[in-house]
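**Student:** Any chance you can model this:
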Amino acid sequence: MSKSVTPYKDSDLGKKEQVAQMFDTISGNYDGLNRVISFGIDVKWRKKVLKMVSAKNPEMILDIATGTGDLAILMTKTKAKKIIGLDISAGMLEVGRKKITQKNLSDKIEMVLGDSENIPYEDNTFDAITVAFGVRNFETLDKGLAEILRVLKPNGIFVILETSVPVKTPYKQGYKFYSKYILPLIGKMFSKDDSAYQYLSDSASVFPYGEALNNILRKIGFIEVKALPQTFGVATIYSASKK
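**Tutor:** Residues are numbered from 1 along each chain as shown. Take a look at the predicted model:
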C-alpha cells in the first residue's frame, strides 16, 4: 500500500477533494511546469506509451487523470474511434478542452469530469486505458485499479506512466536532491500554491514503484504485468492486461 500524502496538511477535506482543488489552482501553469520539471523528457515517455497502445489497435481508449489532455491528444495518432479523458479537476479539463478545440479534435476526444475510483462506464468498455502521472493521486489505490480492471476489456491493455525513484548511484542521490530542493523551488516560480508542488514531490517519493507496484497490479487481478524504467529510473512505464 502507498502512504497517504495530501496536498494541504491542515485541510479538513479528503485527499480526493484536495487533489481536485490543487489541480484546479495550478491548471493554467500545469503544461509549462511539466516541460520544465522533466526537462521535456516527459514528451518522449508519452510517445513510448503511444507506441505500446497503438500496437493493440484499440477502438475505445480511456485516459484517466487526463489533466489538460496531453496524452489523450497524443492517442489520436492511434486508430481509435473514441478517446475519453477523465479527470476530477474541472480546471484542468477546461484547459484541455481549449487545446482540443484548437486542434480540431473535439469529434474524437471527449473530456469528462469523473472519479477514477467510480468510473462512470460499464464493465469491459475500453480496449486501452492509460494513466500518466495520476495513479499516485488516487485516494485509494486498490479501489482505483480495481475500477480500471472492471472497465477494461479482456485482452485489453492498461498502461501507467508514473514517476519512480532511481536505485543506482549517483542517480538516486541526484533525484533525491532534485525532488527535495529544486522541484518545490520551480513550483514557486510557476504558482503561488507552494503546497501543490511540495505535494507533487512528496507523493512521488513515497509511492510504490517497480516490482512493488507490479505486485499490487497482480493482486488486483491484472495479468502480463511489466515495468519498464525510463531515464535512469526517474519514471517507469507499466503495462498490464486482463483475462
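**Student:** So what's the residue count around Arg46?
**Tutor:** 21 (other Cβ atoms under 10 Å). Using the backbone N, CA and C atoms, a C-beta is placed for each residue, glycine as well.
**Student:** Please apply the same query to Met52.
**Tutor:** By other Cβ under 10 Å, 17 other residues sit near Met52.
**Student:** Going forward, count from 29.
**Tutor:** Noted, 29 is the first residue going forward, which turns the last one into Met80.
**Student:** My read is that it contacts Tyr266, right?
**Tutor:** No: taking contacts as Cβ atoms under 8 Å, Met80 lies outside contact range of Tyr266: 10.2 Å.
**Student:** which neighbours do these two share?
**Tutor:** Val187 (Cβ atoms under 8 Å, 6 or more residues apart in numbering).
**Student:** now the helices: where do they sit in the protein?
**Tutor:** Along the chain, counting by DSSP state H, helices occupy 43-54, 58-65, 69-82, 98-102, 118-130, 169-179, 199-205, 211-218, 222-234, 239-248.
**Student:** By mean pLDDT, which helix or strand of the chain comes out lowest?
**Tutor:** When the helices and strands of the chain are scored by mean pLDDT, DSSP states H and E, helix 211-218 comes last with a mean of 76.
**Student:** related to what we said a few turns ago, highest mean neighbour count out of the helices of the chain?
**Tutor:** helix 98-102 (a mean of 23; mean count of other Cβ atoms under 10 Å).
**Student:** what residues does it touch?
**Tutor:** Residues outside helix 98-102 that contact it (Cβ under 8 Å, 6+ apart): 59, 62, 74-75, 77-78, 89, 91, 94, 111-113, 124, 127-128, 131, 133, 137, 139, 158, 160, 189.
**Student:** who are the neighbours in contact with Leu180?
**Tutor:** Neighbours of Leu180 in contact, by Cβ under 8 Å, 6+ apart: 152, 154, 157, 186, 270.
**Student:** Which pair of these spans the longest distance?
**Tutor:** Asn152 and Phe186 (13.0 Å; Cβ to Cβ).
**Student:** Comparing the two, which shows the higher neighbour count?
**Tutor:** Neighbours were counted for Asn152 and for Phe186 using other Cβ under 10 Å; Phe186 has more, 25 against 13.
**Student:** The more buried one touches Ala174, doesn't it?
**Tutor:** No: Phe186 lies out of contact with Ala174 (Cβ under 8 Å); the separation is 11.9 Å.
**Student:** Would you check how far apart Thr153 and Gln201 are?
**Tutor:** Distance of Thr153 to Gln201, computed by Cβ to Cβ, to the nearest Å: 44 Å.
**Student:** do the same with Gly60
**Tutor:** Gly60 is 28 Å from Gln201, where distance means Cβ to Cβ.
**Student:** Ile214 too?
**Tutor:** Distance, Ile214 to Gln201, by Cβ to Cβ: 19 Å.
**Student:** Tell me who's in contact with Arg164.
**Tutor:** Arg164 is in contact with 30, 190-191, 231-232, 235, counting by Cβ under 8 Å, 6+ apart.
**Student:** Give me the residue ranges of the chain where confidence is low.
**Tutor:** By pLDDT under 70, the low-scoring segments of the chain are 29-32, 218-222.
**Student:** By residue count, tell me the biggest strand in it.
**Tutor:** strand 180-191 (DSSP state E).
**Student:** Given it, what are its sheet partners and their directions?
**Tutor:** strand 154-160 (parallel), strand 263-269 (antiparallel) (DSSP bridges).
**Student:** Including mean neighbour count and distance to Ser117, could these go into CSV?
**Tutor:** Shown next, in CSV, are the strands paired with strand 180-191 (neighbours: other Cβ atoms under 10 Å; distance: least, Cβ to Cβ, whole Å):
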stretch, mean neighbour count, distance to Ser117
strand 154-160, 26, 14
strand 263-269, 21, 21
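**Student:** want to try JSON lines for those, with distance to Lys43 as columns?
**Tutor:** Output for these, formatted as JSON lines (distance: least, Cβ to Cβ, whole Å):
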{"stretch": "strand 154-160", "distance to Lys43": "16"}
{"stretch": "strand 263-269", "distance to Lys43": "22"}
